[in-house]
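S.K.: all I have is the shape, not the residue letters:
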């Protein structure tokens, strides 16, 4: 059915998840351009095949039973190109493909002498996924740098301006479309200085987060401006485990895979944490996404 495209059959989703968990996907497809992407989505719609557009798998928990549908990964949408120079502050508009991961993006921007996104260095996400959740850290969010986002929706490609994306804390209205690229405004800086900033933020993450074990990042969104990880730490829940899933001993906001964890272990542990939080009238929203077979 998808023979004309770059496609894999019966793929272990655990290989495409930062949590290293997940059963098999019936198809994993890598469109090379918008035309192929549009055709793939059309085939899926005509044949009633479920679809899921995957970024870097850094906040998606795949079901142990896998996904009986087509997972679409935009790894070929990884371009970076300057659009224009703007204003007196040496600002540049840069268009970036949605499939590029933030590690590679930061390196390429540094080589171009463009600063602004260094705070995101070390986050294992693609730009597209980062935009959907309006990701951020250390007092910054990606929406600060967005001018407009190019999307595919209903078979049509168009640009959505920043004010039309409904950005707020860990939120946008981009969930029900496919992000193709985004225009960002960044600023000229010496490559050496940008690399220093990148290393600073990377080391800051490594010092405070369990980067040595598979995880999905923060399990919960902050509530009323307070880190849920801090609340869980105060409750003495670091190290709590279900099977191979464990509340990180380094940062209680993370659930890590200590080896052999299943999705059911992670979900059971998250539900325990939610019950503990509910006992003190804290009901945070999950930041992770669960992709089930059905």
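M.R.: Noted; the coordinates are in hand. Just so you know, these numbers come straight off a predicted model, no measurement behind them. Residues are numbered from 1 along each chain as shown.
S.K.: when you work out contacts or count neighbours from here on, use the C-alpha atoms and nothing else.
M.R.: Will do.
S.K.: just give me the neighbour total for residue 241.
M.R.: 20 (other Cα atoms under 10 Å).
S.K.: whoops, I mixed them up, residue 276
M.R.: Look at residue 276: counted by other Cα under 10 Å, it has 16 neighbours.
S.K.: could you check how far it is from residue 108?
M.R.: Distance of residue 276 to residue 108, given as Cα to Cα, to the nearest Å: 44 Å.
S.K.: who's in contact with the residue lying closest to residue 109 once chain neighbours are set aside?
M.R.: With Cα to Cα, 6 or more residues apart in numbering as the criterion, residue 109 has its nearest non-adjacent residue at 7.0 Å, and that residue is residue 115. If you count contacts by Cα atoms under 8 Å, 6 or more residues apart in numbering, residue 115 has them with 109, 186, 187, 188, 189, 194.
S.K.: equivalent analysis for residue 217, please.
M.R.: By Cα under 8 Å, 6+ apart, the contact set of residue 217 is 58, 59, 253, 254, 255.
S.K.: the same query, at a cut-off of 10 Å, please.
M.R.: Residues in contact with residue 217 (Cα atoms under 10 Å, 6 or more residues apart in numbering) are 18-19, 58-60, 123-124, 209-211, 253-256, 287-288.
S.K.: show me which of those are buried.
M.R.: 18-19, 58-60, 123-124, 209-210, 253-256, 287-288 (16 or more other Cα atoms under 10 Å).
S.K.: and of the residues you listed, the nearest to residue 244?
M.R.: Nearest to residue 244 among the buried ones among the contacts of residue 217: residue 256, at 8.2 Å, using Cα to Cα.
S.K.: residues in contact with residue 128?
M.R.: 53-56, 74, 77, 96-102, 134, 149, 174, 178-182 are the contacts of residue 128 under Cα under 10 Å, 6+ apart.
S.K.: go again with 8 Å.
M.R.: So residue 128 contacts 55, 97, 98, 99, 100, 179, 180, 181 (Cα under 8 Å, 6+ apart).
S.K.: would you verify that it is located in a strand?
M.R.: No. Per DSSP: H, G, I helix; E, B strand; the rest coil, residue 128 lies outside any strand segment and is helix.
S.K.: from residue 265, how far out is it?
M.R.: Distance check for residue 128 against residue 265: by Cα to Cα, it reads 28 Å.
S.K.: residue 119: what's its closest spatial neighbour, skipping adjacent residues?
M.R.: Using Cα to Cα, 6+ apart and skipping the chain neighbours, the partner closest in space to residue 119 is residue 201 (5.7 Å).
S.K.: would you mark the buried spots in the helix ranked longest in the chain?
M.R.: Assignment by DSSP state H gives helix 191-208 as the longest helix of the chain. Across helix 191-208, burial judged by 16+ other Cα under 10 Å covers 191, 194, 195, 197, 198, 199, 201, 202, 205.
S.K.: flag the shaky bits of the protein, pLDDT-wise.
M.R.: The chain contains residues with pLDDT under 70 at 85-89, 293-294.
S.K.: quick check: domain ranges of it?
M.R.: With domains defined by automatic domain parsing, the chain comprises 7-73, 80-206, 213-291.
S.K.: need those in a markdown table (columns: distance to residue 1).
M.R.: A markdown table is the format used below for the domains of the chain (distance: least, Cα to Cα, whole Å):
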| stretch | distance to residue 1 |
| --- | --- |
| domain 7-73 | 8 |
| domain 80-206 | 20 |
| domain 213-291 | 23 |
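S.K.: what's the spacing between the closest residue to residue 161 other than its chain neighbours and residue 234?
M.R.: Leaving out its chain neighbours, the residue that sits closest to residue 161 by Cα to Cα, 6+ apart is residue 148, at 4.2 Å. As defined by Cα to Cα, residue 148 lies at a distance of 41 Å from residue 234.
S.K.: for residue 212, same thing?
M.R.: Counting by Cα to Cα, the gap from residue 212 to residue 234 is 23 Å.
S.K.: neighbour count for these two, which is higher?
M.R.: Using other Cα under 10 Å, the more surrounded residue of residue 212 and residue 234 is residue 234, with 11 against 8.
S.K.: separation between the more buried one and residue 280?
M.R.: 12 Å.
S.K.: do the same with residue 24
M.R.: 39 Å.
S.K.: re the thing from before, go through the contacts of residue 115 and name the one nearest residue 164.
M.R.: Once Cα to Cα is applied, the member of the contacts of residue 115 that ends up nearest residue 164 is residue 186, at 20.4 Å.
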